[in-house]
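got a predicted model here, sequence first, then my questions.
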Amino acid sequence: EVQLVESGGGLVQAGGSLRLSCAASGFTFGDSVIGWFRQAPGKEREGISCIRRSDGKTTYADSAKGRFTISSDNAKNTVYLQMNSLKPEDTAVYYCAAQVNMIVLVTLSQGWYDYWGQGTQVTVSS
């Protein structure tokens, strides 16, 4: 059974940093894509960044470019999201999700993702 477990959320002041972790289990950490998404209160869930394990190709939403960095430690089956220069508008529940398939795409389109974690809360105070 595929499982994704997020950790690393918390309360941070504006301008601060957090590193989120997504620990994956239950599938061969081969050619897969792990993505980070977030959902703020009253808003739709949006894609932040994703990474393809086979070649490390990444993509970022405009809101994340220059501030967030996604990385993968394949030996640990863990994907990280380093978030710097956090803003109050980054406050949301952050989810990781996985594409585990014969064909995977480096995309933030949520329909491509088969598995989702439970989320971790990030709160940025002003």
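Perfect, thanks for sending it.

ranges for the strands of the protein?
With strands called from DSSP state E, the chain shows them at 3-7, 10-13, 18-25, 32-39, 46-52, 58-60, 68-73, 78-83, 92-100, 115-116, 120-125.

check the ones you listed for me and report the most buried one.
strand 32-39 (a mean of 24; mean count of other C-beta atoms under 10 Å). (Glycine included, C-beta is placed from N, CA and C.)

and the gap between residue 65 and residue 22?
From residue 65 across to residue 22, the span is 20 Å (C-beta to C-beta, to the nearest Å).

show me what contacts residue 112?
Counting by C-beta atoms under 8 Å, 6 or more residues apart in numbering, residue 112 makes contact with 33, 99, 104, 105.

hey, what's the first one bridged with?
Following DSSP bridges, residue 33 is listed with bridge partners residue 52, residue 99.

that one touches residue 96, doesn't it?
No - using C-beta atoms under 8 Å as the test, residue 33 is too far from residue 96 to be in contact (10.8 Å).

nearest residue to the middle of this protein?
Among the residues of the chain, the one closest to the centroid is residue 36, at 2.0 Å (C-alpha atoms, centre = their mean).

measure that one to residue 69 for me?
Distance, residue 36 to residue 69, using C-beta to C-beta: 11 Å.

same thing with residue 47?
15 Å.

now for residue 87, how many residues are close by?
Residues lying near residue 87 (other C-beta atoms under 10 Å) number 13.

quick check: it touching residue 124?
Yes - taking contacts as C-beta under 8 Å, residue 87 lies within contact range of residue 124: 6.1 Å.

how close does residue 76 get to residue 23?
Separation of residue 76 from residue 23 (C-beta to C-beta): 8 Å.
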